[in-house]
Each structure stands twice: as structure tokens, then as C-alpha cells.
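Novice: Provided below are the primary sequence and the corresponding predicted coordinates.
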Amino acid sequence: MGVFANAISLVAGRAVPAGRFEREGRGLAGWLRDRMRRRVPLPPRLVLVERINLAPRQMLALIEADGERFLIATSPEGQPVFHPLRAAAVRRPGRAAKTAEGKSA
């Protein structure tokens, strides 16, 4: 039973059986505290990887959504363009591309 039901039972003079929170001996506040502590923060599903301005009102952005990467181009002249990138086409920043001979490009 909730807090209000217990208060009403006191006014009415009847006993109310103990609820789940009272039986466990920690009350509603303890239950809420335990629930909040158990939560593991999830990684963000949408991440802005990199953004560059091409002109004063034109932008190119690389975003990652649910593990997939998209290249987005925006300009005031038209609609934004979304281009999905294949996994093979994505290079990690800071790494040089390898050529067929194994040398850095």
C-alpha cells in the first residue's frame, strides 16, 4: 500500500497489511535510491564525429548513428544531403592510409 493508503488507514482506524516496500525494510525512498544506483549509463546513439564549414553557410558533417556513419552536407540553396558510408570507406583519424605495397600514403 502506498503512503496515502497508510495515512487513510490511520484516520479510519483500520490496519493495512504492509506493502512490498515496508516488508523489505527500506521504504519507497530506499527502493528509488537502489533503482537509480543500478542504472548503467548507455553510450550515446547519435554522435557528431566531425564538422567543417565549407563556406559561410555551407557545412559538411560526419555523424555516427547506431554504429553507422553518415556524411551530411547542408547549404541554404537546397535540402541536406545524407550519404551513408560503408565500413571499409571509414578511416580512423590519426592513422595513415596504407597502399597496396604496405607503405603509408
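Specialist: Structure received. Numbers count the residues shown, from 1 in each chain.
Novice: all contacts plus neighbour counts: C-alpha atoms, from now on.
Specialist: Noted.
Novice: dump the residue contacts of the spatially closest residue to residue 46 that is not a sequence neighbour.
Specialist: Spatial nearest neighbour of residue 46, excluding adjacent residues (Cα to Cα, 6 or more residues apart in numbering): residue 65 at 4.5 Å. Taking Cα atoms under 8 Å, 6 or more residues apart in numbering, we find residue 65 in contact with 45, 46, 47.
Novice: Can you tell me how far residue 84 is from residue 33?
Specialist: 42 Å (Cα to Cα, to the nearest Å).
Novice: go on, residue 61?
Specialist: Residue 61 sits 40 Å away from residue 33, going by Cα to Cα.
Novice: May I see the domains of this structure written out as residue ranges?
Specialist: Domain segmentation of the chain under automatic domain parsing yields 3-38, 46-89.
Novice: mind listing the strands for this protein?
Specialist: Ranges of strands in the chain, per DSSP state E, are 46-55, 58-65, 68-74, 81-85.
Novice: Same list, those strands, but as TSV with distance to residue 27 and mean pLDDT please.
Specialist: Formatted as TSV, the strands of the chain follow (distance: least, Cα to Cα, whole Å; pLDDT from 0 to 100):
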stretch	distance to residue 27	mean pLDDT
strand 46-55	38	95
strand 58-65	40	95
strand 68-74	44	95
strand 81-85	51	94
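Novice: Distance to residue 28 for those - can I get that in JSON lines?
Specialist: JSON lines is the format used below for the strands of the chain (distance: least, Cα to Cα, whole Å):
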{"stretch": "strand 46-55", "distance to residue 28": "35"}
{"stretch": "strand 58-65", "distance to residue 28": "37"}
{"stretch": "strand 68-74", "distance to residue 28": "41"}
{"stretch": "strand 81-85", "distance to residue 28": "48"}
